[in-house]
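**Student:** Need coordinates for the following:
(2 chains)
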Amino acid sequence: MDLGLDLGPHASFIWAAYGVVTVVIGAMIAWLILDGREQERRLADFAARGVKRRSASRA
Amino acid sequence: MQQGYLLASAGLPVVHLRFSAQPLRSFSMTQTLTQRLANPTRFMELSASVLPWVAGAAALVIGYGLYLSFFVAPPDYLQGETARIMFIHVPCAWLSMAVYAIIAMSSFGLLVFRHPLADVSAKAAVPLGAAFTFLALVTGSLWGRPTWGTYWVWDARLTSVLILFFLYLGLMALRSSIEDEALASKLTAILALVGIVMLPIIKFSVNFGNTLHQPASVIRAGGPTIDTALLVPLLVMAVGFTLMFVAMHLKAMRNEIMRRRVKALQLAEVERAQASQLAAAE
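**Tutor:** Numbering: from 1, shown residues only, chains lettered A, B, ... in the order given. The predicted structure is shown next:
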């Protein structure tokens, strides 16, 4: 990887560090978004079938 | 009377009512605020409007921090270019401890105040804290190889952070190993409160014993020892990572609340099916 930067003889360590952070944080964000969509889909499925929580039924 | 009730319900001595009106008033205001925010429905509404702004701010600040880190900050006079790893390693290391402090405070809120969102907050923060601790360990290791000549040494700082990582994993394992969710929440909260002893051990681990890790150079009594040219990008990245964690935590809490609603609906559906079966049998 270059990007016009000369990071010296230890450039691979620097890019590896930033790469690991990017991958792990990217994976966490993807997991949060996908998990949120899955829970929304399940709630929408229950709503479509008319199933309500007790507290929602009382409201 | 209202204040007296609040104190008594929190398990604090009511006699304080007569002698310390000012602290009581602020305590009462805090209670009111937390009680208002304790409503999951209100939290979902509030977080839905706040989350995009926090996430957007995090992206902007981290983008600016990366620009400063690679194109503005000069190489360190001793470590050269490898010091650029500091701009991601230090925010991850700070967050690994800050997230644990949040988990411990949430656990306290669950055990003492029975705050409805406290357990949601603690559960949502654990995998995030584990990830930031993992990143602190890996980036530190990648920084250590060219700087110290080794990826790992069993010194006080590195070992105590590794123990913190295992503590995070332990919190996740404990919660998932107990089927009764209320019991799992309480036991996890107790373990989290016990584990808070790790935070001062990590903080002061560089001050006692032999260690390759440098001593505190930003948060210290005499002020930062890092040059401003390196300190500014570091602080910008730290703010960006903190905003990113806040956005992730809010999103994880929202997901957890929805997951609990799904479980409640599944139970309601089963109960309804059982009731209709009973009615049909009669």
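
**Student:** what packs against the helix or strand where A:V24 lies?
**Tutor:** Secondary structure from DSSP states H and E places A:V24 in helix A:11-48. For helix A:11-48, the packing partners by 3 or more CB pairs under 8 Å, 6 or more residues apart in numbering or on different chains; DSSP states H and E come out as helix B:86-108, helix B:118-148, helix B:228-281. Every C-beta, even on glycine, is put in place using the N, C-alpha and C of the backbone.

**Student:** can you count the residues close to the nearest residue to B:G170 once chain neighbours are set aside?
**Tutor:** Excluding the flanking residues, the one nearest B:G170 by CB to CB, 6 or more residues apart in numbering or on different chains is B:L191, at 6.7 Å. Neighbour count for B:L191, taken as other CB atoms under 10 Å in any protein chain shown: 15.

**Student:** quick one: B:L191 and B:L169 touch, right?
**Tutor:** No - B:L191 is beyond contact range of B:L169, at 11.6 Å (criterion: CB atoms under 8 Å).

**Student:** what residue ranges in the chain score low on pLDDT?
**Tutor:** This is for chain A. Across chain A, the ranges flagged by pLDDT under 70 are A:1-4, A:53-59.

**Student:** should've been chain B
**Tutor:** Ranges of chain B meeting pLDDT under 70: B:1-37, B:209, B:216, B:218-222.

**Student:** Indicate the residue of it located nearest to chain A.
**Tutor:** Residue nearest to chain A within chain B (CB to the nearest CB): B:M258, separated by 3.6 Å.

**Student:** so what's the closest residue to B:T150 other than its chain neighbours up against?
**Tutor:** Using CB to CB, 6+ apart and skipping the chain neighbours, the partner closest in space to B:T150 is B:G144 (6.2 Å). Listed by CB atoms under 8 Å, 6 or more residues apart in numbering or on different chains, the contact set of B:G144 reads B:150-153, B:212.

**Student:** I'd assumed B:T159 was in a strand, is it?
**Tutor:** No - the assignment for B:T159, made by DSSP: H, G, I helix; E, B strand; the rest coil, is helix rather than a strand.

**Student:** Check the burial of it by counting its neighbours.
**Tutor:** Residues lying near B:T159 (other CB under 10 Å) number 17.

**Student:** Then A:Q39?
**Tutor:** If you count neighbours by other CB under 10 Å, A:Q39 ends up with 19.

**Student:** Look up the closest residue to it, ignoring the ones flanking it.
**Tutor:** Counting by CB to CB, 6+ apart, A:Q39 lies nearest to B:M258, which is 3.6 Å off, once chain neighbours are set aside.

**Student:** cool, and B:P146?
**Tutor:** Excluding its sequence neighbours, the residue lying closest to B:P146 (CB to CB, 6+ apart) is A:H10, at 4.1 Å.

**Student:** ok, the one you found to B:G80 distance?
**Tutor:** Here A:H10 is placed at a distance of 7 Å from B:G80 (CB to CB, to the nearest Å).

**Student:** do B:L135 as well
**Tutor:** On the measure of CB to CB, B:L135 and B:G80 end up 22 Å apart.

**Student:** Who are the contact partners of the residue in chain A that chain B sits nearest to?
**Tutor:** Closest approach of chain A to chain B (CB to the nearest CB) occurs at A:Q39, with a separation of 3.6 Å. Contacts of A:Q39 were listed using CB under 8 Å, 6+ apart, and they are B:255, B:258-259, B:261-262.

**Student:** Turn the helices and strands packed on helix A:11-48 into CSV, columns for distance to B:A48.
**Tutor:** Listed next are those as CSV, based on distance: least, CB to CB, whole Å:
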stretch, distance to B:A48
helix B:86-108, 21
helix B:118-148, 15
helix B:228-281, 8
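
**Student:** Out of these, the one nearest A:L32 is which?
**Tutor:** Across the helices and strands packed on helix A:11-48, A:L32 has its closest neighbour in helix B:228-281 (4.6 Å, CB to CB).

**Student:** Distance from the closest one to the middle of the chain?
**Tutor:** Centre-to-centre, helix B:228-281 and its host chain are 14 Å apart (CA atoms, centre = their mean, to the nearest Å).

**Student:** and the angle from that helix to helix B:86-108?
**Tutor:** Inter-element angle recorded for helix B:228-281 and helix B:86-108: 40 degrees (by axes from the mean of the first three to the mean of the last three CA atoms, to 10 degrees).

**Student:** Give the other helices and strands that helix B:228-281 contacts.
**Tutor:** Secondary-structure packing of helix B:228-281 (3+ CB pairs under 8 Å, 6+ apart): helix A:11-48, helix B:40-67, helix B:86-108, helix B:118-148.

**Student:** buried sites along the third one?
**Tutor:** Residues of helix B:86-108 classed as buried by neighbour count (16 or more other CB atoms under 10 Å in any protein chain shown): B:86-100, B:102-108.

**Student:** Which ones, among the residues you listed, also lie beside chain A?
**Tutor:** Near chain A, taking CB under 8 Å from any CB of the partner chain as the test, the members of the buried residues of helix B:86-108 found are B:88-89, B:92.

**Student:** Quick check: residues of chain B near chain A?
**Tutor:** B:70, B:75, B:80-82, B:84-85, B:88-89, B:92, B:127-128, B:131, B:134-135, B:138-139, B:142-143, B:145-146, B:244, B:248, B:251-252, B:254-255, B:258-259, B:261-262, B:264-265, B:268-269, B:272.
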